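*Asks:* sequence first, then the predicted structure, then my questions.
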2 protein chains.
Amino acid sequence: MGQNHKRVTIYDVAKKAGVTAATVSRVINGKTNVAHETKERVLKAIEELNYYPSPLAAGLHSHQSNQIGILVPFFFGEFFYKVLSHISQVIPFPYELVLYDAATPEIKSRTIQKIFGEKKLNGLIVISLPLLKEEAFLAMQSELPLVLLDNVHPSFPSVYFDNVMGMFHATQHLTKMGHKRIALINGAHEDPFHLAVAKNRHEGYRLALDMAKIPFDPDLVFVNDWSRQGARFLTHKILKMKNRPTAIMATSDLQAVGVLEACQEAGVAVPDEISVVGYDDMDFADFFGLTTVQQSFQTIARIALDMLVQAMNHPGSKPEQVALIPTVVVRKTTKALE
Amino acid sequence: MGQNHKRVTIYDVAKKAGVTAATVSRVINGKTNVAHETKERVLKAIEELNYYPSPLAAGLHSHQSNQIGILVPFFFGEFFYKVLSHISQVIPFPYELVLYDAATPEIKSRTIQKIFGEKKLNGLIVISLPLLKEEAFLAMQSELPLVLLDNVHPSFPSVYFDNVMGMFHATQHLTKMGHKRIALINGAHEDPFHLAVAKNRHEGYRLALDMAKIPFDPDLVFVNDWSRQGARFLTHKILKMKNRPTAIMATSDLQAVGVLEACQEAGVAVPDEISVVGYDDMDFADFFGLTTVQQSFQTIARIALDMLVQAMNHPGSKPEQVALIPTVVVRKTTKALE
DNA sequence: ATGAAAGCGCTAACAC
DNA sequence: GTGTTAGCGCTTTCAT
């Protein structure tokens, strides 16, 4: 049971192959200046001894762990899950993924300090989280490549879903169908991390209204948390309004489902009596026939990694900003006004 | 822009504090044999230099990276997301989480070989994946502590949700309400990883039938993939049966939703004309009023980490097996037979 | 309580 | 093409 098998090192391989450690190292790292026949011998020895180079020892030299960090606020549910899952699918060999959970802004800051203090990662992807000034400063001092995903900062490569445009298109889908009284159910503007989602989506909504020359009516804007229950509650209020809106634009699918739920409870037919639009196109949106806003997680993951690799290979290259414009998926909860 | 600030090492701290590296090391690692006053000076120097010990260098000595690995088949959707999220909440200081994606059985094997070859992790949690004989052998040779989550192996600490019992209780909920013709919609028995879920859930179903002295009818068992669409398709067939079942037991909520969908399409009222039970209690189950089987992710994560810490601190202690018995959440898709 | 020195496993000049 | 040698930054006996 678990005998203390002594660790096999590069020297064991060297001895077995009748060469020195340097040569073994050359083989491992694919250097070209090794005789073909020697290389074969070394490879055979590696195989036979089942040798795995110590990443710790190799890393001590290069100051690199061959790991890419992912900093993320864990509560993001399906959104986060999808991003992470796609990242893990496109992460280039031989990098490993280290997960850092920014449960609170304090933990986030401490984690960032540690990451840039230790400098062992080959790269870092920060998801959804904005960088505070000090944090950005730290990152800029460092050689550790950083890219932002679902967020922007002028000093770092960033890919993000354009929330303003996404919401603009979604709302415009409604205005183009003749809707003029469009209620907005938004998530909280204030959150511990100071995310810009709520603000941006609000802005997109306003933009579409302006474009359609519909005066903005503050009484049509409702804010709550991002929950289904919150939206359900608000919808009941909306449905009771004297001059009831003909459409409800929600800032997330979860909320949109709450809206649907309330409509059903109140006996208001969707889309015949009221149109409903969500945001996110989560797995269940299709089931509900929900018209919503779709974002490509695969694309954002791929671009983030491309940017990171670019930054790792060409340090100092100037940071690109890429906005991904979400598209509207029209399903069955929206209908043109007669 | 990113000047090459030279890395601050333990020697810099030592010099600044007027001691040697050994003393600084003692302070960092909380050894007691350091004069209080010296310790203060060292701490101050660390602070002022903003020193972070190199985990790579420290690790070269201990052969440890202070990281815990998580090996997981990424496609598990909400299930996986919840487990991971809870694990990240209970992971003890100062460990980091390294994510290994076992996209295919081959990648899984290779990853396991690498992990046990490199031996740098302090521990490994394998989620949902069964261990092949060679893999288990590798792990047993090694000192690297391993725990299985959502799976069992006699040689390793394991925590898992008891699928047999979960399904047993769910089915029994139905039999107790007088249902005798209960269709089973199961996921595929065969999958690349040879998971035991489908088999176990089938067994639980059988067990409840036996217990209620209901003869097993193979014509009532339907198998497809785990998808909503698959279940929807099967349900349409079920609803057309001459002697239609009075209840459908699905092996996942996703499938249960497909069942609900088909019932609605066919104009069959749930639960009045047919009862439906799901499995998983996903976020949306509540919305659908779905009667289903609930599992505590928080508990499974906590226990897995406890076991891992135990194994790390007391190598050689004998592996425990913990089965978590899921409970049935009764909502509105099930009803007693008149 | 603190310092000196060896060594963890690998890499990279620099020789030959 | 291959060997020699000197670190990388930290920990840990062993002295004192």
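*Replies:* Ah, there it is. Numbering: from 1, shown residues only, chains lettered A, B, ... in the order given.

*Asks:* CA only for contacts and neighbour counts going forward, please
*Replies:* Fine.

*Asks:* now the biggest helix by length in chain A: buried residues?
*Replies:* Longest helix in chain A, counting residues (DSSP state H): helix A:297-313. By 16 or more other C-alpha atoms under 10 Å in any protein chain shown, the buried positions in helix A:297-313 come out as A:297-298, A:300-312.

*Asks:* so that helix, near chain B or not?
*Replies:* No. Using C-alpha under 8 Å from any C-alpha of the partner chain, helix A:297-313 stays clear of chain B, with a minimum separation of 12.9 Å.

*Asks:* from the contact counts, what lies against that helix?
*Replies:* Contacts defined by 3 or more C-alpha pairs under 8 Å, 6 or more residues apart in numbering or on different chains; DSSP states H and E place helix A:297-313 against helix A:77-90, strand A:123-127, strand A:146-149, strand A:158-161.

*Asks:* do that again at 7 Å, thanks
*Replies:* Contact here means 3 or more C-alpha pairs under 7 Å, 6 or more residues apart in numbering or on different chains; DSSP states H and E; on that basis helix A:297-313 packs against helix A:77-90, strand A:146-149.

*Asks:* need the contact list for A:Lys120.
*Replies:* Applying C-alpha atoms under 7 Å, 6 or more residues apart in numbering or on different chains to A:Lys120 gives the contacts A:63-65.

*Asks:* who wins on neighbours among the residues you listed?
*Replies:* For those, the largest neighbour count, defined by other C-alpha atoms under 10 Å in any protein chain shown, is 23 neighbours, found at A:Ser65.

*Asks:* SS state for that residue?
*Replies:* Judged by DSSP: H, G, I helix; E, B strand; the rest coil, the three-state class of A:Ser65 is coil.

*Asks:* any idea how far it is from A:Lys120?
*Replies:* Per C-alpha to C-alpha, to the nearest Å, A:Ser65 is found 6 Å from A:Lys120.

*Asks:* next one: A:Ile91
*Replies:* Computed as C-alpha to C-alpha, the A:Ile91 to A:Lys120 distance reads 18 Å.

*Asks:* A:Val42 should be in a strand, yeah?
*Replies:* No. Per three-state DSSP, A:Val42 lies outside any strand segment and is helix.

*Asks:* dump the residue contacts of it.
*Replies:* A:Val42 neighbours (C-alpha under 7 Å, 6+ apart): A:17, A:24.

*Asks:* can you check the one 4 residues further on too?
*Replies:* Taking C-alpha under 7 Å, 6+ apart as the definition of contact, the neighbours of A:Ile46 are A:Val13.

*Asks:* just the buried residues of whichever strand or helix holds it, please?
*Replies:* Element membership for A:Ile46 (DSSP states H and E) is helix A:36-49. The neighbour-count check on helix A:36-49 (16+ other C-alpha under 10 Å) flags A:38-39, A:41-43, A:45-46 as buried.

*Asks:* so how far is it off the chain centroid?
*Replies:* 43 Å (C-alpha atoms, centre = their mean, to the nearest Å).

*Asks:* I'd like the average pLDDT over it.
*Replies:* Averaging pLDDT along helix A:36-49 yields 96.

*Asks:* how about the residue in the stretch 151-300 of chain A that DNA strand D sits nearest to, nearest residue that isn't a chain neighbour?
*Replies:* Closest residue of the stretch 151-300 of chain A to DNA strand D, C-alpha to the nearest atom of the strand: A:Phe156 (25.9 Å). Excluding the flanking residues, the one nearest A:Phe156 by C-alpha to C-alpha, 6 or more residues apart in numbering or on different chains is A:Pro319, at 5.1 Å.

*Asks:* that neighbour: what's it in contact with?
*Replies:* By C-alpha under 7 Å, 6+ apart, the residues touching A:Pro319 are A:155-157.

*Asks:* let's go with 8 Å and repeat that
*Replies:* Taking C-alpha atoms under 8 Å, 6 or more residues apart in numbering or on different chains, we find A:Pro319 in contact with A:154-158.

*Asks:* give the helix, strand or coil label for A:Arg201.
*Replies:* helix.

*Asks:* fine by me, thanks again.
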